[in-house]
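Asks: Starting from these lines, generate the structure:
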Amino acid sequence: MSTPPLAASGMASGPFAGPQAQQAAREVNTASLCRIGQETVQDIVYRTMEIFQLLRNMQLPNGVTYHTGTYQDRLTKLQDNLRQLSVLFRKLRLVYDKCNENCGGMDPIPVEQLIPYVEEDGSKNDDRAGPPRFASEERREIAEVNKKLKQKNQQLKQIMDQLRNLIWDINAMLAMRN
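Replies: Below you'll find the predicted structure:
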């Protein structure tokens, strides 16, 4: 696709729409493309909500007398929103293709390495400090600690039950004595 992202992003072309501006638009970085994509997705969600709102308020033409003008107005708004939704999906496809094109030569980084790990002393784990600890390792450690904690809680509960029974027996003996 040779369409410049400037035209796809919906930005107005003003007095700076010369060849230099078009060249700069072709060299849009991936972060701004992602921002444009995010805004496009938000627009798609908004338009979809509008469509469902119109459909909810619109009565079906089932023979009941209905204001034809209102029906036609809502039908026109619905068709316009559907047309705009189609344009937004095409725009999102262009942004997606351009992002994939820009990121084609990059090596994928495992997700575990993108999650920062904070040590007990509050400092972040850097690559200089040793091998990184992955989220799966930390999750496993947390599961082990939780298992031990549940065992200790169970032991404490048993001790409390034994103490309660002992106190009950002592109170019963004292009551029998009186």
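Asks: what's the single longest helix in the protein?
Replies: helix 135-177 (DSSP state H).
Asks: by contact count, what packs against that helix?
Replies: Judged by 3 or more CB pairs under 8 Å, 6 or more residues apart in numbering; DSSP states H and E, helix 135-177 is in contact with no other helix or strand. Yep, even glycine has a C-beta here, placed from its N, CA and C like the rest.
Asks: now it: mean pLDDT?
Replies: Taken as a whole, helix 135-177 has a mean pLDDT of 91.
Asks: next one: it to chain centre, how far?
Replies: Mean-position distance between helix 135-177 and its chain equals 41 Å (CA atoms, centre = their mean, to the nearest Å).
Asks: Do a quick rundown of the helices in the chain.
Replies: 5-8, 19-26, 30-57, 68-102, 111-114, 135-177.
Asks: Pipe these into JSON lines and attach mean neighbour count per row.
Replies: Converted to JSON lines, these look like this (neighbours: other CB atoms under 10 Å):
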{"stretch": "helix 5-8", "mean neighbour count": "18"}
{"stretch": "helix 19-26", "mean neighbour count": "12"}
{"stretch": "helix 30-57", "mean neighbour count": "14"}
{"stretch": "helix 68-102", "mean neighbour count": "14"}
{"stretch": "helix 111-114", "mean neighbour count": "11"}
{"stretch": "helix 135-177", "mean neighbour count": "10"}
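Asks: and the gap between the residue most central in space within the chain and residue 95?
Replies: For the chain, the residue nearest the mean C-alpha position is residue 38 (11.0 Å; CA atoms, centre = their mean). Counting by CB to CB, to the nearest Å, the gap from residue 38 to residue 95 is 9 Å.
Asks: go on, residue 144?
Replies: Distance from residue 144 to residue 95, by CB to CB: 44 Å.
Asks: can you check residue 143 too?
Replies: Taking CB to CB, one finds residue 143 at 40 Å from residue 95.
Asks: same question, residue 72
Replies: 35 Å.
Asks: same thing with residue 173?
Replies: For residue 173, the distance to residue 95 - CB to CB - is 81 Å.
Asks: try residue 67
Replies: Residue 67 is 41 Å from residue 95, by CB to CB.
Asks: Kindly report the same for residue 108.
Replies: For residue 108, the distance to residue 95 - CB to CB - is 20 Å.
Asks: So which helix or strand of the chain has the lowest pLDDT on average?
Replies: One helix or strand of the chain scores below all others by mean pLDDT, DSSP states H and E: helix 5-8, with a mean of 43.
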